[in-house]
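Enquirer: only geometry, no sequence info:
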Ligand SMILES: NC(=O)c1ccc[n+]([C@@H]2O[C@H](COP(=O)([O-])OP(=O)(O)OC[C@H]3O[C@@H](n4cnc5c(N)ncnc54)[C@H](O)[C@@H]3O)[C@@H](O)[C@H]2O)c1
């Protein structure tokens with residue numbers, strides 16, 4: 001099974017690629033290394049394509065050469081503050097880039113499955129767990145670009161009949177983080193020796209899921225037969241506030257950590273909750289998360305070196 005992972009050298013890709021390799025997939029990666037790194041994955045030069053998904057000719061050439069049986073499309077710009085500051089770049093990468101990948105995929109008679117990494121940011125603010133049935137209504141350019149990607153995937157499935165899976169990722173955590181999200185920011189300050197750390201909003205809760213559990217879900221979803229077009233949430237199903245994440249670090253370090261609110265980091269508009277209902281993924285794919293927050297944070301600290 002030849003499987004192409006776009007963005008495979010990134011944070012989540014660095015967990016997905018080895019998981020699929022272990023499962024026996026012959027994995028190819030297409031990545032421009034703008035955020036990712038080749039050091040995150042073990043891939044031969046003849047299986048790695050350095051290229052931009054916005055470059056249609058390069059995408060057509062690579063996909064035409066590889067002729068994958070499956071495509072896992074992870075490449076995107078996704079750090080929300082960066083997307084807000086660079087809306088055209090985000091839209092160009094996440095929409096035009098996805099159109100290029102889909103257009104090359106349409107020409108592959110052997111393609112069996114297309115997997116698209118979408119996001120929880122397609123949902124508006126809800127106070128309870130969100131299921132795939134909840135209405136979508138993105139609040140920012142990132143969520144909007146990903147929702148457009150979902151619509152493009154739907155059209156792709158209607159036109160080709162190829163099984164197409166849209167997976168809405170919630171907040172990933174784990175090794176090889178490429179963007180300054182909450183957990184790497186806490187790590188950075190703690191690694192500098194600080195035990196009073198500066199953070200922004202403390203009360204918002206997020207559904208943190210370890211990248212190893214995510215990779216396992218991707219693996220199981222790729223094994224599903226006769227999917228047609230379907231959408232799955234991928235989160236842990238538990239939400240943690242910023243304070244609770246810092247407390248998990250305290251437990252693992254066995255040290256007290258003080259938090260100071262830095263007004264420059266406080267977001268004026270902020271969701272208070274973002275929690276996934278993952279019952280569909282569990283039921284349909286037989287997926288169960290195994291990494292808890294304490295275990296995941298312990299693993300990060302163990303690798304500080
Ligand atoms: N990390 C999260 O919490 C999270 C949450 C929801 C959805 N997602 C989605 O999951 C996917 C992977 O995210 P990630 O956290 O691993 O991010 P990441 O930035 O680490 O990975 C994206 C990869 O795509 C590559 N890339 C970016 N622009 C490209 C371009 N124009 N051409 C080719 N390659 C390009 C980067 O070099 C990187 O290796 C993305 O689609 C993202 O939107 C992530």
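Expert: Sure thing, it's come through. Just so we're clear, the structure is a prediction, and the values are computed from it rather than from any experiment.

Enquirer: flag every residue of the protein that's near the ligand.
Expert: Within the chain, the positions near the ligand by CB under 6 Å from any ligand atom are 7, 9-13, 31-36, 52-54, 74-78, 93, 97, 117, 119, 169, 171-172, 178. C-beta coordinates here come from the backbone N, C-alpha and C atoms, glycine included.

Enquirer: quick one: buried ones out of those residues?
Expert: Neighbour counting over the residues of the chain next to the ligand (16 or more other CB atoms under 10 Å) leaves 7, 9-13, 31-32, 35-36, 52-54, 74-78, 93, 97, 117, 119, 169, 171-172, 178 as the buried ones.

Enquirer: which residues touch residue 64?
Expert: 104, 107 (CB atoms under 8 Å, 6 or more residues apart in numbering).

Enquirer: which residues of the stretch 1-150 of the chain fall in helices?
Expert: 13-22, 56-66, 80-85, 87-91, 97-106, 141-160 (DSSP state H, counting those that start in this stretch).

Enquirer: quick check: mean pLDDT of the fifth one?
Expert: Helix 97-106 shows a mean pLDDT of 98 in the predicted model.

Enquirer: now that helix against helix 56-66, angle please.
Expert: Counting by axes from the mean of the first three to the mean of the last three CA atoms, to 10 degrees, helix 97-106 lies at 40 degrees to helix 56-66.

Enquirer: for helix 97-106, give me every contacting residue.
Expert: So helix 97-106 is in contact with 6, 52-56, 59-60, 62-64, 71, 73, 75-76, 111, 114, 116, 148-149, 152-153, 156, 159-160, 162, going by CB under 8 Å, 6+ apart.

Enquirer: picking that back up, sort out for me which of the residues of the chain next to the ligand are in strands.
Expert: 31, 117, 119, 169, 171-172 (DSSP state E).

Enquirer: hang on, the earlier thing: weakest of the helices of the stretch 1-150 of the chain by average pLDDT?
Expert: Between the helices of the stretch 1-150 of the chain, the model is least confident about helix 80-85 (mean pLDDT), which shows a mean of 93.

Enquirer: got the contact list for it?
Expert: Looking at what lies outside helix 80-85 - CB under 8 Å, 6+ apart - the contacts are 77, 90, 121, 140-142, 145, 179.

Enquirer: which among those residues end up buried?
Expert: 77, 90, 121, 141-142, 145, 179.

Enquirer: out of the residues you listed, who's nearest residue 195?
Expert: Minimum distance to residue 195 across those is 24.5 Å, recorded for residue 179 (CB to CB).

Enquirer: read off the pLDDT value for that closest one.
Expert: Residue 179 is given a pLDDT of 89.

Enquirer: so it sits against residue 11, correct?
Expert: Yes - under the criterion of CB atoms under 8 Å, residue 179 makes contact with residue 11 at 7.3 Å.

Enquirer: anything in contact with each of these two?
Expert: In contact with both residue 179 and residue 11: residue 35, using CB under 8 Å, 6+ apart.

Enquirer: okay, buried residues for stretch 161-170 please.
Expert: 162-170.

Enquirer: save the residues you listed as TSV, and put in distance to residue 242 and pLDDT too.
Expert: Output for those, formatted as TSV (distance: CB to CB, whole Å; pLDDT from 0 to 100):
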residue	distance to residue 242	pLDDT
162	41	98
163	38	98
164	35	98
165	31	98
166	29	98
167	25	98
168	22	98
169	20	98
170	16	98
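
Enquirer: dump those residues into JSON lines; add distance to residue 281 as well.
Expert: Below are the buried residues of stretch 161-170 laid out as JSON lines (distance: CB to CB, whole Å):
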{"residue": "162", "distance to residue 281": "21"}
{"residue": "163", "distance to residue 281": "16"}
{"residue": "164", "distance to residue 281": "16"}
{"residue": "165", "distance to residue 281": "11"}
{"residue": "166", "distance to residue 281": "12"}
{"residue": "167", "distance to residue 281": "8"}
{"residue": "168", "distance to residue 281": "10"}
{"residue": "169", "distance to residue 281": "11"}
{"residue": "170", "distance to residue 281": "11"}
